[in-house]
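1. sequence and predicted model, in that order:
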Amino acid sequence: MPNAKVLSEKQAIVAALAERIKNAGAGILVDYRGITVLEDTALRSEMRKEGIDYSVVKNTLTRKALDSLGLSGLDDVLNGTTSLATTAGDPIAPFRIISDCLPRTLCTPRSWAP
């Protein structure tokens, strides 16, 4: 069992992820396996330009955040290398940017929208 400090840090991460997901107009989970550093840098740059919050996430903590919001149906996709893109702005932007990424890489989008 983790010590109290580690446990409290993880609980804070889960709460922040849950808040981020709850406030998002749209989100996409991405298996970023196969993407190069240059492609990742370009992807992150495009995401920032569109005001999209994009980050690598831990599957277990993301699963707990999703479960707390009643989105346990996404548990099956939380494996391997996972990143999360959320936006409160244009709900199509993360999908468009990831779709532009797909022909060049092996990244696989897995999405939800409220």
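-> Structure's in. What do you need?
2. residue 90 contacts residue 24, doesn't it?
-> No. The pair residue 90 / residue 24 is not scored as a contact, 11.7 Å apart, by C-beta atoms under 8 Å. Where C-beta positions appear, they are placed from N, C-alpha and C, glycine not excepted.
3. so for the two, which sits in the more crowded spot?
-> The neighbour comparison of residue 90 against residue 24 (other C-beta atoms under 10 Å) goes to residue 24, with 22 against 14.
4. now name the helix or strand holding residue 55.
-> Using DSSP states H and E, residue 55 sits within strand 53-56.
5. which stretches of the protein form helices?
-> For the chain, applying DSSP state H gives helices covering 4-22, 37-49, 59-68, 93-101.
6. and the angle from the first one to helix 59-68?
-> For the pair helix 4-22 and helix 59-68, the angle between their directions (axes from the mean of the first three to the mean of the last three C-alpha atoms, to 10 degrees) equals 60 degrees.
7. cool, the last one as well?
-> Orientation note: helix 93-101 sits at an angle of 140 degrees relative to helix 59-68 (the same axes, to 10 degrees).
8. dump helix 93-101 to CSV, keeping only the CA atoms.
-> Output for helix 93-101, consisting of C-alpha atoms alone and laid out as CSV, is shown next (Å, rounded to 0.1, in the frame of the first residue of the first chain):
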residue,chain,number,x,y,z
ALA,A,93,-10.5,20.1,-33.3
PRO,A,94,-8.9,17.2,-31.3
PHE,A,95,-10.4,14.7,-33.8
ARG,A,96,-9.3,16.7,-36.8
ILE,A,97,-5.7,17.0,-35.5
ILE,A,98,-5.4,13.3,-34.6
SER,A,99,-7.0,12.3,-37.9
ASP,A,100,-4.3,14.4,-39.6
CYS,A,101,-1.7,12.5,-37.6
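9. right, I'll leave it there.
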